[in-house]
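S.K.: Here is a sequence with its predicted model. Questions after.
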Amino acid sequence: MTSVGDKARNKAEELKGRAKEAVGKATGNEQWEAEGKAEQGKGNLKQSGEKIKDAVKDVVDE
């Protein structure tokens, strides 16, 4: 099973991306907006991977 720390880091990465995207939109900084979207995607992808790992672990443990 994945650690709580990994899950927290992945969620933090997603939230950091959301904040960066929002600042980019508010200031008209397209680079920050794009970087924020990319960070969100990376965080979401990692979270999905963690969910899959947990689901596989649950099936194996049954």
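M.R.: Happy to help now that I have it.
S.K.: Please count neighbours and contacts with C-alpha atoms only from this point.
M.R.: Fine.
S.K.: by contact count, what packs against the longest helix anywhere in the chain?
M.R.: The longest helix of the chain (DSSP state H) is helix 30-61. Applying 3 or more CA pairs under 8 Å, 6 or more residues apart in numbering; DSSP states H and E, one finds that helix 30-61 contacts helix 4-27.
S.K.: Residues contacting the helix it packs on, please?
M.R.: For helix 4-27, the surrounding residues in contact (CA atoms under 8 Å, 6 or more residues apart in numbering) are 29-44, 46-47, 50.
S.K.: Only the buried subset of those, as a PyMOL command please.
M.R.: Those of the contacts of helix 4-27 that count as buried under 16 or more other CA atoms under 10 Å are selected in PyMOL with:
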select buried, resi 32+33+34+35+36+37+38+39+40+41+42+43+44+46+47+50
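S.K.: what residue is smack in the middle of the protein?
M.R.: G43 (1.6 Å; CA atoms, centre = their mean).
S.K.: contacting residues for that one?
M.R.: G43 neighbours (CA under 8 Å, 6+ apart): N10, K11, A12, E13, E14.
S.K.: Endpoints of stretch 19-37, how far apart?
M.R.: 10 Å (CA to CA, to the nearest Å).
S.K.: if we can go back for a sec, now list the buried members of the contacts of G43.
M.R.: Buried, going by 16+ other CA under 10 Å: N10, K11, E13, E14, out of the contacts of G43.
S.K.: Nearest residue to the residue nearest to the centre of the chain in space, please, no chain neighbours.
M.R.: Leaving aside its sequence neighbours, G43 sits nearest to E14 (CA to CA, 6 or more residues apart in numbering; 4.5 Å).
S.K.: Can you give me the neighbour number for the residue nearest to E30 when sequence neighbours are not counted?
M.R.: Among residues not flanking E30 along the chain, G24 sits closest, at 6.0 Å (CA to CA, 6+ apart). G24 has 18 neighbours, counted by other CA atoms under 10 Å.
S.K.: before we move on, what about R18?
M.R.: 20.
S.K.: Next one: it, what pLDDT does it get?
M.R.: Looking at R18, its pLDDT is 97.
S.K.: in the protein, which ranges drop under the pLDDT threshold?
M.R.: 1-2 (pLDDT under 70).
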